[in-house]
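[1] with the input below, show me the fold.
(one chain, ligands or ions: 2)
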Amino acid sequence: MASAHAYALTNHEDHTFMEAIGSELAELMVCQPQNRNRIVNALTILRSAMISHFRQEEAIMKSENYPYLFQHKGSHDYIINYISIFISSFAPGREDAPADIWPALKKTLETHIQKYDDPLILYLGVNP
Ligand SMILES: [Fe+2]
Ligand SMILES: [Fe+2]
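    Numbers count the residues shown, from 1 in each chain. Ligands and ions are numbered 1, 2, ... in the order given. Below is the predicted model of the structure:
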């Protein structure tokens, strides 16, 4: 159960970090929408942070025999795919990058936290 405690402690921290990168991304989209390199860079950092956070969660779910690992991981995979599509929309030659990337991602993350992370924390029986 030590890993569960570690998760509870870092989960909130990780979410806060992702939110901070997201806010920077939102600001870039408004103030420097033409600076595609910086936007792609922020999105790539965000994706890396998500991948590492999701891997950690999945390892804990496995070690704790969490019964909803499959559904929870499916939601993680969906989010990574979602952000990857945003990143590819900034590929050279494409001009149709959406302006509301962070609000859309944020909503998806918030839904994930409520629907999947909160029940996991309850299952682990530890306080965040
Ligand atoms: Fe999480
Ligand atoms: Fe999760």
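[2] rest of the way, CA atoms for contacts and neighbours
    Noted.
[3] so what's the residue count around Phe54?
    19 (other C-alpha atoms under 10 Å).
[4] who's in contact with it?
    Lys73, His76 (C-alpha atoms under 8 Å, 6 or more residues apart in numbering).
[5] at 6 Å instead, please
    Residues in contact with Phe54 (C-alpha atoms under 6 Å, 6 or more residues apart in numbering): none are found.
[6] buried set for the host helix or strand of it?
    Phe54 belongs to helix 36-63 when assigned by DSSP states H and E. Neighbour-count burial for helix 36-63, counted by 16 or more other C-alpha atoms under 10 Å, picks out 36, 39-40, 42-43, 46-47, 49-51, 53-54, 56-58, 60-61.
[7] for stretch 111-122, same thing?
    His112, Tyr116, Asp117, Leu120, Ile121.
[8] quick one: low-confidence residue ranges for this structure.
    Scanning the chain for pLDDT under 70 picks out the ranges 1-5, 9, 92-98, 126-128.
[9] hey, what's the angle from the top helix by length along it to helix 36-63? Just curious.
    Assignment by DSSP state H gives helix 2-31 as the longest helix of the chain. Angle of helix 2-31 versus helix 36-63, following axes from the mean of the first three to the mean of the last three C-alpha atoms, to 10 degrees, is 160 degrees.
[10] does anything pack onto helix 2-31? Which helices or strands?
    Where contact means 3 or more C-alpha pairs under 6 Å, 6 or more residues apart in numbering; DSSP states H and E, helix 2-31 is not packed against any helix or strand.
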